[in-house]
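>>> Give me coordinates for this.
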Amino acid sequence: MYNILIADDEPIVLESLKFILKKEFPGSFSFFEAVSGIDAVRLCHDNKIDLGIIDINMPGMNGLEVIREIKQQNSSLVVIILSAFDRFQYAQEAVTLGVYKYLTKPVDRNKISQTIRGALTVLESENNRITDNLALHEKLNAMTPIMESDFIYSLIFPVEEHKDVSEYLSFFSLKCTSYLFCTIEIPHITRNNRYEQYVQLHNELSEYAECVVGPLMMNRVIVFFPFGYAASEERYHFFVNNMYRQLSLKISAGVRIGVSRISDNFRRSVKIYNQSITALNAMPETESGLSFYSDRNTKEQNNRKDLARIYTTLAARLQVGDLQSVTNLFNSLCAGLSDYYDGTLDCIKNDLFELLVLMRHKANERDHEFGGIGAFYDTFGTLQQMNNFDELKKYVLTCLTSCTQVFKNLQSEKFPPQIEKVRDYVTAHLSENVTLDAAASLIHVHPAYLSKQFREVTGENFIDFETSVRIDKAKELLYKTLLSVKEITYSVGYNDQNYFSKLFKKHTGQTPTEYRQSASTMRR
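Residues are numbered from 1 along each chain as shown. Next comes the predicted model:
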């Protein structure tokens, strides 16, 4: 049913039009009547009028003035003019105002009926268009999160070497002369508030600027910010600083953000994304704030940190007797050292010797019969004589294997009670996102204190331990069960299979599928 306004200062015209419309179009209209221009405008303001039949000559405001006013309120309103004057000037202005028909009095019944049928066709067409647009809008809204995730993944994990992202940019209506990545870490995320926190962050970022917000991975979100101009460093620093202030106020004062450099080349998207990760990881674990990636001393600041993380993780896995991970991480460490030192063997020897000394010392602390630093006097001489990188790797790995075996034989021994309680808690809640704050609260200490003690006692930081436990559990499930990789992803606390697979390969040197296949071969 449509709302129709009949505006005419002659009561007989009002009644005649109502009679004709009720008879010709029964049940099609709700009628509104006006005898002056002011009444017509008020009725249109207070009600959603679909169709108006308006006389040109009315007291207060003439019909053309009324049409001009009500069209500003509702541009889709279909208007039919009635006039006792067949004047070109009136008709011309009516066309300018978007009037559907201009009828001169007297109008016979057939003419009225024919005109109304045409007007109804226009209304139905407009309603169908609006309905189609709403349906399309709903579909686009449903697709947007999928498209956002796919776009982010296409940039940071590209399948093709030079993937064309123009279709994505067109879908999001983005102009992109240059871009940057921000990796945002949200504190205090729990299983119960993950969705609400993510939606709030998404809304705040979308309101702040045009961007594409990736999915929530653990407690981190990757955000792509496009710029339709060549942004200067000063300008983009201001942009990100202002964003950080808003998120700190509206999301959490503990939010941490790593910011990449500006780039105008999508072929460098993986490197630009990694810059945001490097900037975030460069921040102390317990501090909130904003960290910008810097090009200065790139090798020293970034590659060395990557090597240090591998070094730390290797030491931690060695101390829990995980020989397979030690082997994989050692291979990664050697590849990184070779790249860092440009293949200079003497420099690589020095770093590997330091690694051996420290690991031998840690093994000696747990088993005094194993031998201390003195046992490595001959080792140094052996390393000095080696001129082949593969030979060097094989020798050092043999020594590390011996150290790992010490800890494997002593796995029944416990860490200090508080640390053991935290370790047990993490292991028992793998499907949840156990934060450092939650773990610290469990044993009633400050998070910074727990972080320091945990690293000193176990040889690895809290987040690395949590990740290692999840990866170890995933390895067990891949080896012992027929669960799909997707099911294992969720069971060890990750929501995104792609992210889990990348992380698994980083820690083990194999994808989950490759690991399962190799484990299956070993069982035979």
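>>> quick one: the strands in the stretch 251-400 of the chain?
Here the stretch 251-400 of the chain has its strands, by DSSP state E, counting those that start in this stretch, at 256-259, 289-292.
>>> can you list the weak-confidence ranges in the stretch 1-150 of the chain?
In the predicted model of the stretch 1-150 of the chain, residues 85-96, 130-144 satisfy pLDDT under 70.
>>> now the stretch 251-400 of the chain
Within the stretch 251-400 of the chain, the stretches with pLDDT under 70 are 253, 285-286, 295-302, 368-369, 371-378.
>>> and what of the stretch 401-524 of the chain?
The stretch 401-524 of the chain contains residues with pLDDT under 70 at 410-414, 459, 520-524.
>>> try it again with 90
Where the stretch 401-524 of the chain drops to pLDDT under 90, the residues are 401-469, 471-473, 475-476, 479-482, 491, 493-499, 502-511, 513-524.
>>> Residue 4: what secondary structure?
Three-state call for residue 4 (DSSP: H, G, I helix; E, B strand; the rest coil): strand.
>>> Begin at 20 from now on, thanks
Sure, I'll start counting at 20 from here, so that last one is residue 23.
>>> Show me where the stretch 120-269 of the chain has its strands.
Taking DSSP E, counting those that start in this stretch, the strands of the stretch 120-269 of the chain run over residues 120-123, 197-204, 231-236, 239-246.
>>> what lines up beside the shortest one in the sheet?
To tie it back to what came earlier, the one meant is strand 120-123. Strand 120-123 has its sheet partners listed here by DSSP bridges as strand 97-102 (parallel).
>>> Identify the residues contacting the strand it pairs with?
Identification of contacts with strand 97-102 by Cβ atoms under 8 Å, 6 or more residues apart in numbering yields 27, 32, 69-76, 82, 86, 89-90, 109, 113, 116-124, 126, 134-135, 138, 141-142. To be clear about C-beta, it is placed using only N, CA and C from the backbone, and glycine gets the same treatment.
>>> Buried subset of these, written for PyMOL?
The following PyMOL line selects those of those that are buried, judged by 16 or more other Cβ atoms under 10 Å:
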select buried, resi 27+32+69+70+71+72+73+74+75+82+86+89+90+109+113+118+119+120+121+123+126+134+135+138+142
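>>> Cross the contacts of strand 97-102 against helices and list the overlap.
Mapping the contacts of strand 97-102 onto helices (DSSP state H) picks out 32, 82, 86, 89-90, 109, 113, 134-135, 138, 141-142.
>>> Would you reformat these as a markdown table and include distance to residue 469?
Output for the ones in helices among the contacts of strand 97-102, formatted as a markdown table (distance: Cβ to Cβ, whole Å):
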| residue | distance to residue 469 |
| --- | --- |
| 32 | 85 |
| 82 | 78 |
| 86 | 73 |
| 89 | 68 |
| 90 | 67 |
| 109 | 83 |
| 113 | 78 |
| 134 | 80 |
| 135 | 77 |
| 138 | 74 |
| 141 | 70 |
| 142 | 68 |
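>>> quick one: which of the residues you listed is nearest to residue 63?
Ranked by distance to residue 63 (Cβ to Cβ), the ones in helices among the contacts of strand 97-102 are led by residue 89 at 4.2 Å.
>>> contacting residues around that closest one?
Neighbours of residue 89 in contact, by Cβ under 8 Å, 6+ apart: 59-60, 63-64, 68, 71, 96, 98.
>>> Please apply the same query to residue 86.
So residue 86 contacts 71, 73, 98, 100, 113, 116, 118 (Cβ under 8 Å, 6+ apart).
>>> nearest to residue 259, of the contacts of residue 89?
Nearest to residue 259 among those is residue 64, at 45.2 Å by Cβ to Cβ.
>>> how many other residues sit next to the closest residue in space to the closest one that isn't next to it in sequence?
In this structure, residue 64 finds its nearest non-sequential neighbour in residue 92, 6.2 Å apart by Cβ to Cβ, 6 or more residues apart in numbering. Residue 92 sits with 12 neighbouring residues when counted by other Cβ atoms under 10 Å.
>>> Give me the distance between residue 92 and residue 24.
Distance, residue 92 to residue 24, by Cβ to Cβ, to the nearest Å: 12 Å.
>>> Can I get whichever strand or helix holds residue 488 as CSV, trimmed to CA atoms?
In this structure, residue 488 is located in helix 481-499 according to DSSP states H and E. Taking Å, rounded to 0.1, in the frame of the first residue of the first chain, the C-alpha atoms of helix 481-499 are listed here in CSV:
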residue,chain,number,x,y,z
PHE,A,481,56.7,-16.7,27.7
ILE,A,482,55.2,-16.2,24.3
ASP,A,483,57.8,-18.5,22.7
PHE,A,484,57.1,-21.2,25.2
GLU,A,485,53.3,-20.9,24.6
THR,A,486,53.9,-21.2,20.9
SER,A,487,56.3,-24.2,21.3
VAL,A,488,53.7,-26.0,23.5
ARG,A,489,51.0,-25.5,20.9
ILE,A,490,53.4,-26.7,18.1
ASP,A,491,54.4,-29.7,20.2
LYS,A,492,50.8,-30.6,20.7
ALA,A,493,50.0,-30.2,17.0
LYS,A,494,52.9,-32.5,16.2
GLU,A,495,51.5,-35.1,18.6
LEU,A,496,48.1,-34.9,17.0
LEU,A,497,49.5,-35.0,13.5
TYR,A,498,51.5,-38.1,14.5
LYS,A,499,48.9,-40.0,16.6
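>>> Enumerate the positions of whichever helix or strand comes after that helix that are buried.
Following helix 481-499 in sequence order, the next helix or strand is helix 504-510 (DSSP H and E). Across helix 504-510, burial judged by 16+ other Cβ under 10 Å covers 504, 507-508, 510.
>>> Quick one: list the elements packing against the next helix or strand after helix 504-510.
Where DSSP H and E defines the elements, the next helix or strand beyond helix 504-510 is helix 516-527. Applying 3 or more Cβ pairs under 8 Å, 6 or more residues apart in numbering; DSSP states H and E, we find helix 516-527 packed against helix 342-359, helix 481-499, helix 504-510, helix 531-542.
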